[in-house]
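Chemist: Pasted the sequence and its predicted model underneath.
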There are 2 protein chains.
Amino acid sequence: MMDFPLTLRTMFERAEKFFPKKEIVSRTMSGLFRYTYADYARRTRRLSSALESLGVQRGDRVATFAWNDHRHLEAYFAIPCMGAVLHTVNIRLSPDHISYIVNHAQDRVMLVDETLVPLLEKVQDQLTTVQAYIIMTDKPELPPTTLQPAYSYEQLIASAEETYSYPDDLDEKSLAGMCYTSATTGKPKGVTYTHRGVYLHSITLGLADTTAVSEYDTLLPIVPMFHVNAWGMPFVGVWFGSKQVLPGPMPTPQILLELIQQEKVTISAGVPTVWLGVLKALEEGQYDVSSLRAVLCGGSAAPRGLIEAYETKHGIQFLHAYGMTEASPIALVSRLKSTQKDLSQQDRLDIRSKQGLLVPGLEMRIVGQDGEVNWDGQEMGEIWLRGPWIAHEYYEDERSSDSFVDGWFHTGDVAVVDEEGVVKLVDRTKDLVKSGGEWISSVDLENALMAHPAVFEACVTGIPHAKWDERPLAFVVLKEAYKDKVEKQELLSSLQDQFAKWWIPDDVVLLNEIPKTSVGKFLKRALREEYQEYYL
Amino acid sequence: MMDFPLTLRTMFERAEKFFPKKEIVSRTMSGLFRYTYADYARRTRRLSSALESLGVQRGDRVATFAWNDHRHLEAYFAIPCMGAVLHTVNIRLSPDHISYIVNHAQDRVMLVDETLVPLLEKVQDQLTTVQAYIIMTDKPELPPTTLQPAYSYEQLIASAEETYSYPDDLDEKSLAGMCYTSATTGKPKGVTYTHRGVYLHSITLGLADTTAVSEYDTLLPIVPMFHVNAWGMPFVGVWFGSKQVLPGPMPTPQILLELIQQEKVTISAGVPTVWLGVLKALEEGQYDVSSLRAVLCGGSAAPRGLIEAYETKHGIQFLHAYGMTEASPIALVSRLKSTQKDLSQQDRLDIRSKQGLLVPGLEMRIVGQDGEVNWDGQEMGEIWLRGPWIAHEYYEDERSSDSFVDGWFHTGDVAVVDEEGVVKLVDRTKDLVKSGGEWISSVDLENALMAHPAVFEACVTGIPHAKWDERPLAFVVLKEAYKDKVEKQELLSSLQDQFAKWWIPDDVVLLNEIPKTSVGKFLKRALREEYQEYYL
């Protein structure tokens, strides 16, 4: 076979050549912007040419600090296709963490959304490697900024070459991108993505057995493009020539539903809290979402009630998935096997609520204290992964050796696996509650609480206890209609039939909101710290 | 990303671990054999163990000489997963060519179907490298044979290790298989397949935008497993855990239809002549083929009438595809773009009759005398391909330099491409008729003739002519019901509205059968030789 590298150039040029008329719709500060892949490709080549003029060379890091919009999508291919490295910076990180990762990655140029300029101005004095800021704005002129030197994206690309030619000799193992993931303690950890990894991860999203993304789809990536490449949706979307709808800055559930209705979105991707919010808005409003064939949900476990609502009430396939920054991110997708499709609705929902089956191309072990666990749905073990789109280290980080051992990535997630190979997440290794020497799954308790009709969100964590070392404590946000109308005891009682007595939390704390990480996951660490004296 | 090789082991072990209960159905000399992937995996590991006992090492060639059945499928993974090379020998080659390719590939062991033993006995004295013959038979004892030394497949694997462990350090660029393709003149040419190539080609077959093979499918590969790996169907079938139905020795259209009906086949693959035969039997008999979602058709261009019959009369998607041994084989698949789906039925059929769109992952040029042709549906040029599952040479063959030039494979096929990028095959470079200095497409004329209700098969070739250098001559097989009832002139008249006058063949020769190659393509060379004096 030819020694033909798997790179983003091949993906990009397919859209350019075969799907020039297909559309990209982008929500910006000035409204909906709409153009074709032909325009997209010309502007992407111009951006590469402009970056080259600014001195960007192969291997250089170019950062983005941006929402999901068309300019960000241009950067997604312009930077890697020219041989540079796309570093998507999470805009929700603390100033300290932002300056740490920009310096750690040695970003040379930063592309910044106009609305996010103030965030970056705060940390600019700490940035030691950035030589140019490119401001992405719909306005013709450069907005006032203290960032120096600053350029206008539109002015730069207007004077650049639209026939800029991409190299066809890039090594597939050269870096295409990087993304930092927040750590439990300490600074964020960097994960680098190779062209080969992005290519193989993207093609996997097109499989009928995973998410079946195709040219016929209209994609709406709600998960931020600064968060694990929006789960790879923009990459596969361009490759296959799918219509893409990019929801721009701070999309509300209402805005998302309007986009779905108006642009006839067929598949969208977001975390459970997004889908909770969209569900609420969907049931309060009048939207036609009949075009939507599936929603992809990952980032944290989705409550069973959420899956049921989408599938049963609204007829929308809810693709529960599991992954992480280190896995590009897709590792498991919860689809029924053909042999399971005739089970009862409840049995099917039981399976669909789990994290699902390993996608083709990866390998997995679930490892307990005595080696690989039995596939009995009972024995708990840590999920280990390996494969061509799994990271092999944290970028220049001593913590790598904790997670990458003998060719396997130790995810830190605890799971059980049933005899069909369907994986069910039990907890993070660090979030498991250890009560009297036995393990209690905080995730199982959370899901059970969230199935209660009065509960909007629930979070369970282990709190120090004099006798049992740790005991679970539940934190619950009630739905508006149920506030002040539901007793803690009722919530705890609802768990009695499902769990052993010693699993049931000793108490419930009612909150107005559960603190979350920058990517919408429950910030259990903050709760544990605040309530560490609660049982003592 | 991890330096994780793309090999067949990962594919095989996924079926073994996740789909042990799924079925493989195999038609053998003693009837239908049925077992599960769990059984399949155990027997496959045993076969590797047995081959190792016979001295097979990494890189050694192991040949198969067999129909599409379960033992052949075991060999498909047992040989490459242990690091040896699966050489599928075309049983329909001449004795001279069989001994040539076995010696040229340096096959060390040959696996032979019992029914094919006599064919091999004829050439055994010419085979210089084979050290052992393994006879694949349903009977317990070894059948009498002059092949020496000969072993019984079943006896060998019965005493081998079912826990044989596959190496996880195989280089993805090491050879997994090889297949020889017949040449216009001279000996067959060898094409080698790497693990990486097989992996990437297989995953491409799972894309929603190509053939969408999934675990839900039941595959019936009719195209022989000795012909370009049955187009990769057995590989992707195992990987995804799809049920597979292997039609065994000499399946008739009736046998195929019975298998489709009984096993609820969802997708099948074969050449146009197979689908012509199946269509005839389908319309003469009573079969329930409602499970069939698609037939994949390649090898040569399918007549429009055939596509229309399957799609319109029988509601079966007819996936017209284009490829070749050197391309593993899939290069183009004729699916409508989303922007074409609302065209009229006739317009859609026009597009579907073409060879279609380049599959994701490959790159293509259509090159005429003045470089790349315009995408106008008019300019003719040769199809060039490159990509990770395209061959880079013929195995140890001086003819390589004719076809592999500067990183591109020159297919020898002439095509036009329209503004949407849809490719339409015009001819083989060597089959184009050159009349008075102008090119005439034999394929276009054949398709038009085959659209005539009286015509079963038609073939057109250029025959030497005193004035015009060459003129087209048509060869037609009439359907039974029309024999002796249709005049040549009526057939030629039917072409008048579709072609310029000078394109229309000067005459028609009515035949009872058109000679075909070992893989069912028209043997134009034989007709040209026999009729070379026809116009002189």
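Modeler: That came through fine. Residues are numbered from 1 along each chain as shown, chains lettered A, B, ... in the order given.

Chemist: Going by C-alpha atoms from here, please, whenever you check contacts or count neighbours.
Modeler: Will do.

Chemist: residues touching A:E513, list them.
Modeler: The neighbours of A:E513, taking CA atoms under 8 Å, 6 or more residues apart in numbering or on different chains as the test, are A:V477.

Chemist: and the residue of the stretch 401-536 of chain A found nearest chain B, what are its phi and psi?
Modeler: The minimum distance from the stretch 401-536 of chain A to chain B, using CA to the nearest CA, falls at A:G421 (5.7 Å). The phi and psi torsions at A:G421 (degrees, to the nearest 10) take the values phi 90, psi 10.

Chemist: neighbours of it, just the number please.
Modeler: As a burial measure, A:G421 scores 17 neighbours (other CA atoms under 10 Å in any protein chain shown).

Chemist: Quick check: nearest residue in space to it, chain neighbours excluded?
Modeler: The spatial neighbour of A:G421 that comes closest, neighbours along the chain excluded (CA to CA, 6 or more residues apart in numbering or on different chains), is B:F18 at 5.7 Å.

Chemist: quick one: buried residues of stretch A:279-297?
Modeler: Using 16 or more other CA atoms under 10 Å in any protein chain shown as the test for burial, stretch A:279-297 gives A:L279, A:A281, A:L282, A:V289, A:S291, A:L292, A:A294, A:V295, A:L296, A:C297.

Chemist: ok, of the residues you listed, which one's closest to B:K467?
Modeler: Within the set of the buried residues of stretch A:279-297, A:S291 lies nearest B:K467; the separation is 62.4 Å, counting by CA to CA.

Chemist: Now do that closest one, the pLDDT please.
Modeler: On pLDDT, A:S291 comes in at 98.

Chemist: and if you look at the one 4 residues further on?
Modeler: If you check A:V295, the pLDDT there is 97.

Chemist: Look at it and give its secondary structure.
Modeler: Look at A:V295: counting by DSSP: H, G, I helix; E, B strand; the rest coil, its state is strand.

Chemist: If I follow the layout properly, it ends up in contact with A:V271?
Modeler: No: the pair A:V295 / A:V271 is not scored as a contact, 10.0 Å apart, by CA atoms under 8 Å.

Chemist: Return the residues of the stretch 101-250 of chain A in contact with chain B.
Modeler: The interface of the stretch 101-250 of chain A toward chain B, taken as CA under 8 Å from any CA of the partner chain, is made up of A:192-194, A:197, A:203-204, A:206-209, A:212-216, A:239-240.

Chemist: Which element, helix or strand, includes the residue sitting furthest away from the middle of chain A?
Modeler: With distances taken as CA atoms, centre = their mean, the residue sitting farthest from the centre of chain A turns out to be A:K467, at 39.0 Å. Using DSSP states H and E, A:K467 is not contained in any helix or strand.

Chemist: do you know how far it is from A:W439?
Modeler: For A:K467, the distance to A:W439 under the criterion CA to CA, to the nearest Å works out to 15 Å.

Chemist: try A:A458
Modeler: As it turns out, when the distance is counted by CA to CA, A:A458 lies 19 Å from A:W439.

Chemist: Name the nearest residue to whichever residue of the stretch 251-400 of chain A sits closest to chain B, sequence neighbours excluded.
Modeler: Taking CA to the nearest CA as the measure, the stretch 251-400 of chain A has A:A391 as its residue closest to chain B, at 4.1 Å. In space, not counting the residues next to it along the chain, A:A391 is nearest to B:M1; the distance is 4.1 Å by CA to CA, 6+ apart.

Chemist: circling back to that earlier point, can you tell me which residues contact the residue of the stretch 251-400 of chain A closest to chain B?
Modeler: A:A391 sits next to A:V191, A:T192, A:Y193, A:E326, A:A327, A:F409, B:M1, B:M2 when contact means CA under 8 Å, 6+ apart.

Chemist: pretty sure A:L292 contacts A:E263?
Modeler: No: with contact defined as CA under 8 Å, A:L292 does not reach A:E263; the gap is 10.4 Å.

Chemist: how about the residue nearest to A:N68 when sequence neighbours are not counted, secondary structure?
Modeler: The shortest distance from A:N68 to any residue that is not its chain neighbour, by CA to CA, 6+ apart, is 4.8 Å, and that residue is A:G248. When the structure is split into helix, strand and coil by three-state DSSP, A:G248 lands in coil.
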